[in-house]
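Q: Structure, please.
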Amino acid sequence: MRNGKTQADGRGARWQRRGPGGATVALGLGLAVTAGAAPAAADPQAGLSLARIWCAECHVVETGQAGPVAEVATFAEVANRPDFSADRLAAFLAAPHPKMPGMGLSNREIADLGTYIESLRR
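A: Okay, the predicted model is just below:
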């Protein structure tokens, strides 16, 4: 605890003292506070925005959009496949595909896109 040594109090707090009369320099509560925070829910509107940017050149991503490529499933068709899930979509998008560009989407963006496609399920 003295002379630059760090000590934990058993509840996630950490402090450090310097010198004989040592003042408290820092509390390591940041991780304890943020570790318990729940991740934000995926955002279907953000997913639609991403779909318009990355997917609409080949897929029909929303109602009223002119069909760009006849051989490619619409997002509504994808959403209504019996085996569709956001998790399966995430796995699919994480692996490279010869017919699709490398989009380099973050996990959050993939979750947003999957939630948007799920919202099209009838």
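
Q: Identify each buried residue in stretch 102-111, please.
A: 105, 109-111 (16 or more other C-beta atoms under 10 Å). C-beta: built from backbone N, CA, C; applies to glycine.

Q: So which of those belong to strands?
A: Among those, DSSP state E puts none in strands.

Q: Ramachandran angles for L120?
A: phi -90, psi -10 (degrees, to the nearest 10).

Q: Kindly indicate which of the buried residues of stretch 102-111 lies nearest A42.
A: Within those, distances to A42 taken as C-beta to C-beta reach their minimum at A111, with 3.9 Å.

Q: give the contact list for the closest one.
A: Residues in contact with A111 (C-beta atoms under 8 Å, 6 or more residues apart in numbering) are 42, 86, 90.

Q: re earlier: Throw the buried residues of stretch 102-111 into CSV and include pLDDT, thanks.
A: As requested, the buried residues of stretch 102-111 are exported to CSV (pLDDT from 0 to 100):
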residue, pLDDT
L105, 88
E109, 94
I110, 92
A111, 94
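
Q: where along the protein do the strands fall?
A: Counting by DSSP E, one finds strands in the chain at the ranges 6-8, 14-16.

Q: mean pLDDT for these: which is lowest?
A: Per-stretch mean pLDDT for the strands of the chain is lowest at strand 14-16 (a mean of 40).

Q: In helices, which of the buried residues of stretch 102-111 fall?
A: 109-111 (DSSP state H).
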